[in-house]
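*Asks:* With the sequence up front, the predicted model follows.
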Amino acid sequence: MAFILCVDDEPSISGLVRQILRMAGHEIEVVENGPDALRRVQEREPDLIVLDRSMPGMDGLEVCRHLKNNPFLSRIPVLMLTALSSIDFKIEGFDAGADDYLGKPFEPRELTARVSALLRLVARESDRNPSSGLPGGAAIERDLEARVARGEEFSVVYFDFDHFKPFADTFGFTLADRVVRSMGEIMGELAARDGDFVAHIGGDDFLLACAPSRAAALAREGFDRFNALIAEFVGPQVAAKGSFIGLTRDGDSREFPLTSLTAVIVPITKGKWQGAVHLGELAATWKKAAKAAGGAQIVEAQL
């Protein structure tokens, strides 16, 4: 049985979702708007979210982006429900981070099947990321909570690629996959020296937990090795230029900065730990600020 959060401002729809999924053996809770959904996720993390796209105030796209921008909430699968079922609306939903899309009205058996498929996918990927072979999902929270329980002071270094989507679109999936796998190898090497914990949160997000005294040096080495890796993959001319011509989502050509790395260091001191979700919110905020400033930098946050 899974705990599923349904977010919909139409009682007729949320009531139907509740009935269908309860009959499938799941525990269902309903909230009517985006802010309430985000608050409930903070209180109890659901196994899956069924999310209405069109809601007053904070719509489903904004809720989805907020969840997917937090590395510790991004693993929660989001099934977006909407009466706006044209291909353009579906693309917007997927761009916001939705894992699946179901139009209204929907067939009860299809809703049940899609929910079951998403839950199976998460179960397979919860402890180890298939792209890198590194721990992910629940393994991250277990390690961090264990450190807190032992009274350790430690730092979390959160690595995120800059401008990676246009890079992958231009240079191809095969090369993008090699970049992710190679970064996983680099992270594993960094962690192996002193028995630190390393994880692949998903996509182009990596995490390293280590002693505070080593955090800055490990962040710098990861930063430098990633830049060298990209230069090796794209060749000296593109690397020297620092940019490439790619396509926007609308199919227009434009110049993009060459993909780089942003690292956020979060020191965890005694009495300051507020949970993995709060850590994810903090990392997402500092990452957003760093990327707004152009990315390709190492920043130190504070809890």
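*Replies:* Thanks, I have it. Numbering: from 1, shown residues only.
*Asks:* Give the burial count for the nearest residue to D52 once chain neighbours are set aside, as a bare number.
*Replies:* Computed as CB to CB, 6 or more residues apart in numbering, the closest residue to D52 that is not its neighbour in sequence is D8, at 4.0 Å. For glycine as for every other residue, the C-beta is placed from the backbone atoms N, C-alpha and C. Here the count is done by other CB atoms under 10 Å, and D8 has 26 residues near it.
*Asks:* in its sheet, what does the strand or helix carrying L79 sit against?
*Replies:* Element membership for L79 (DSSP states H and E) is strand 78-82. Sheet pairing for strand 78-82, assigned by DSSP bridges, gives strand 48-52 (parallel), strand 100-103 (parallel).
*Asks:* how close does the residue nearest to D52 sit to F161?
*Replies:* Counting by CB to CB, to the nearest Å, the gap between D8 and F161 amounts to 34 Å.
*Asks:* for the residue nearest in space to the middle of the chain, helix, strand, or coil?
*Replies:* Within the chain, one residue has its C-alpha closest to the average C-alpha position: by CA atoms, centre = their mean, that is S74, at 3.8 Å. In terms of secondary structure, S74 is coil; the call rests on DSSP: H, G, I helix; E, B strand; the rest coil.
*Asks:* returning to that earlier point: would you format the strands paired with strand 78-82 as TSV with mean neighbour count and mean pLDDT included?
*Replies:* Formatted as TSV, the entries for those read as follows, by neighbours: other CB atoms under 10 Å; pLDDT from 0 to 100:
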stretch	mean neighbour count	mean pLDDT
strand 48-52	26	96
strand 100-103	18	92
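*Asks:* Would you reformat those as a markdown table and include distance to L67?
*Replies:* Putting the strands paired with strand 78-82 into a markdown table (distance: least, CB to CB, whole Å) gives the following:
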| stretch | distance to L67 |
| --- | --- |
| strand 48-52 | 7 |
| strand 100-103 | 14 |
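*Asks:* Quick one: closest of those to I91.
*Replies:* Between I91 and the strands paired with strand 78-82, the shortest gap by CB to CB is with strand 100-103, which sits at 9.4 Å.
*Asks:* which other residues reach that closest one?
*Replies:* Contacting residues not belonging to strand 100-103 are listed as 77-83, 85, 90, 93-94, 110-111, 114, 117-118 [CB atoms under 8 Å, 6 or more residues apart in numbering].
*Asks:* helix or strand right after that strand?
*Replies:* The C-terminal neighbour of strand 100-103 among helices and strands, as given by DSSP H and E, is helix 108-125.
*Asks:* quick one: low-confidence ranges for the stretch 1-150 of the chain?
*Replies:* The stretch 1-150 of the chain contains residues with pLDDT under 70 at 85, 124-128, 130.
*Asks:* domain parsing for the chain?
*Replies:* Listed by automatic domain parsing, the domain ranges of the chain are 3-125, 138-300.
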